[in-house]
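In: here is a sequence with its predicted model. Questions after.
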Amino acid sequence: MSKRGLSLFVSAIMLTMFALTGCGGGAKAPEESKSVESSETAGESKSEEAKSEVSKDASKLIVVGYAQVGAESDWRTANTESFKSTFVPENGYELIFNDAQQKQENQIKAIRDFIQQEVDYIVLAPVVETGWDTVLQEAKDAGIPVILSDRMIKTSDDSLYTALVCGDFIKEGETAGHWLEDYLKSKNVAADEKINIVTLQGTIGASAQVGRTDGFANILGQNANWNMLAKQTGEFTQSKGQEVMESFLKQFDDIDVVVAENDNMAFGAIDAIKAAGKTCGPKGDITVISFDAVKAAFDAMIAGDLNASIECSPLHGPRVAEIIQKLEKGETVDKIQYVDESYFDTSMDLEKIKAGRAY
Ligand code: AHR
C-alpha cells in the first residue's frame, strides 16, 4: 500500500471509531454534519468541531511535487501556469513546485526533497532523457508514484514511472517536414532545386529535441534535394536562438529554410535575419518553421515573419490531475498518453484561431 493509501486507511479507521463511541449520535456524511452544525447550540457545536477535524484529515490534500525544467520559453510559462492553476487546494491538492533552471542535477535534488517531504505524487518534466534510474528507484522504494509529463526518459525499467503524458515529438518533426514538402510544392519549386536548411535544436538530449530532429530527418531523407547545412542547439531560448542564427548567417549566405525546434528560438532567428538585412516568412528570403504554437507565434505569423508553427500542447496540468484521480480510485491508467496535436500556418484564419486558444 502506498503512503497515501495507508494514511487514508488510518483516517477511515479513526472516523469509524469516532462513530462507534457514540460521540455526536453516529457518523454523518460531511454535508449532514454541516447542516446540523448551523442549527445547533454552542455547546453541541464543540463536538461537531472535533468531528470536522477528523473529516478534514480524512479528505486531506493530495500533495504533488512538480520538478519543472525551468522557464526557458513561452511554452514553459504556460505549462507552469497549467500546473499552478490545476493543483490548488480548492481542487484537493497542495503543489510543491520546483524550477530546475534547465539543470538535471537540480531536478534530481528536487525529487530527493519531494521524497523526504513524503509527497503523494511526483511529477517530472525531465530536462534530458537519460540519467534518471537511480533517483526514480529511490522514489519507487519510498512508494511514491512518478508521473512523467511533457518529456520522456530512456530507461530499461518502465516500472520506474507510472504514466507519461506528452506530445509525440517524432510526429511533430515529421509534421514539420510534411509541411515543408507541401509548401515547396505550392510554390512550384522544382524537385531537383537544392533547398538549404539550418536547424536550431532544443536542449540536446531532451526528448523534445531528439524527437523533432529525428522526425524532420525522416522526411528530409525522402527529399533528395533537401540539404541540411548545419544543426546547433539554441537551448530552447530566444537569446541563444538569435545567437546561433547570427552565426549561421555569417557562415552561409544561401539559407532557404530555418527549422527552429521551438517558437522562442524562431523569434530570436527572425531578429537575427532582419538584423542581417534579410527577410523571412511567406514573402521573404527565408522560410521559418517552428514548434509549440504559442500566441506570440500566431502574432509572428500574422506579421508575416513566421511561416508555420507545429503545435505542442503545454496544458498538462488537468491531464496529470486526471491520471492522479484515477490512481486514487484504484483504476488503471494508460502508461503512455500522447496528446493530439495540429499545426498552423499563414494560409489559415490565424486571428480567429488565436482568439480561441489558451496559451
Ligand atoms: O518539451 C517541450 C519543449 O520545451 C517546448 O517546445 C519548448 O518551448 C520547451 O522549452
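Out: Structure received.
In: now the residue positioned nearest the centre of the chain: closest residue in space that isn't a chain neighbour?
Out: Taking Cα atoms, centre = their mean as the criterion, residue 150 is the residue nearest the geometric centre of the chain, at 3.5 Å. Nearest residue to residue 150 in three dimensions, chain neighbours excluded: residue 125, at 4.2 Å (Cβ to Cβ, 6 or more residues apart in numbering). Backbone N, C-alpha and C define where each C-beta goes, glycine included.
In: around the closest residue to the ligand within the stretch 251-359 of the chain, how many other residues sit close by?
Out: Nearest residue of the stretch 251-359 of the chain to the ligand: residue 262, at 3.5 Å (Cβ to the nearest ligand atom). Residues within reach of residue 262, counting by other Cβ atoms under 10 Å, total 33.
In: list the contacts for it?
Out: For residue 262, the contacting residues are 73, 75, 202, 208, 236, 290, 291, 292, 312, by Cβ atoms under 8 Å, 6 or more residues apart in numbering.
In: wait, the residue nearest to residue 150 sits on residue 67?
Out: Yes. Assessed by Cβ atoms under 8 Å, residue 125 is found in contact with residue 67 at 6.8 Å.
In: re the thing from before, keep only those of the contacts of residue 262 that are in strands.
Out: 290, 291, 292 (DSSP state E).
In: rebuild those as TSV, extending it with neighbour count and pLDDT.
Out: As requested, those are arranged in TSV below (neighbours: other Cβ atoms under 10 Å; pLDDT from 0 to 100):
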residue	neighbour count	pLDDT
290	30	98
291	32	98
292	29	98
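In: out of the residues you listed, which one sits closest to residue 279?
Out: residue 290 (16.9 Å; Cβ to Cβ).
In: please name the nearest non-neighbouring residue to the closest one.
Out: residue 266 (3.6 Å).
In: the residue nearest to the centre of the chain bridge partners, please.
Out: residue 166 (DSSP bridges).
In: which SS class is residue 112?
Out: Here residue 112 is recorded as helix under DSSP: H, G, I helix; E, B strand; the rest coil.
In: just the helices from this protein, written as ranges.
Out: Ranges of helices within the chain are 3-20, 30-39, 42-58, 74-86, 104-116, 133-141, 169-186, 207-220, 238-251, 263-275, 295-302, 317-328, 350-355, based on DSSP state H.
In: for the residue nearest to the centre of the chain, give me its contacts.
Out: Applying Cβ under 8 Å, 6+ apart to residue 150 gives the contacts 69, 79, 125, 165, 166, 167, 208, 314, 316.
In: quick one: residue 197 from residue 296, how far?
Out: 23 Å (Cβ to Cβ, to the nearest Å).
In: same thing with residue 128?
Out: 26 Å.
In: repeat that for residue 94.
Out: Here residue 94 is placed at a distance of 32 Å from residue 296 (Cβ to Cβ).
In: among these two, which residue is more densely surrounded?
Out: residue 296 (20 against 15).
In: so the more buried one touches residue 268, yeah?
Out: No. Using Cβ under 8 Å, residue 296 is not in contact with residue 268; the gap is 12.0 Å.
In: can you list residues touching both of these two?
Out: Here residue 296 and residue 268 share no contacting residue, scored by Cβ under 8 Å, 6+ apart.
In: which residues of this protein lie near the ligand?
Out: Contacts of the chain with the ligand, taken as Cβ under 6 Å from any ligand atom, map to 72, 73, 75, 76, 150, 151, 208, 236, 262, 291, 292, 312.
In: domain-wise, how is the protein divided?
Out: Under the assignment automatic domain parsing, the domains of the chain span 3-58, 61-167+315-328, 169-312+344-355.
In: starting at the chain centroid, how far to the second one?
Out: The reference is to domain 61-167+315-328. Distance, stretch centre to chain centre, for domain 61-167+315-328: 10 Å (Cα atoms, centre = their mean, to the nearest Å).
In: averaged pLDDT, it. What do you get?
Out: Per-residue pLDDT over domain 61-167+315-328 has a mean of 98.
In: ok, the shortest one next?
Out: For domain 3-58, mean pLDDT is 37.
In: on that earlier part again, quick one: which of the contacts of residue 150 is nearest the ligand?
Out: Ranked by distance to the ligand (Cβ to the nearest ligand atom), those are led by residue 208 at 3.5 Å.
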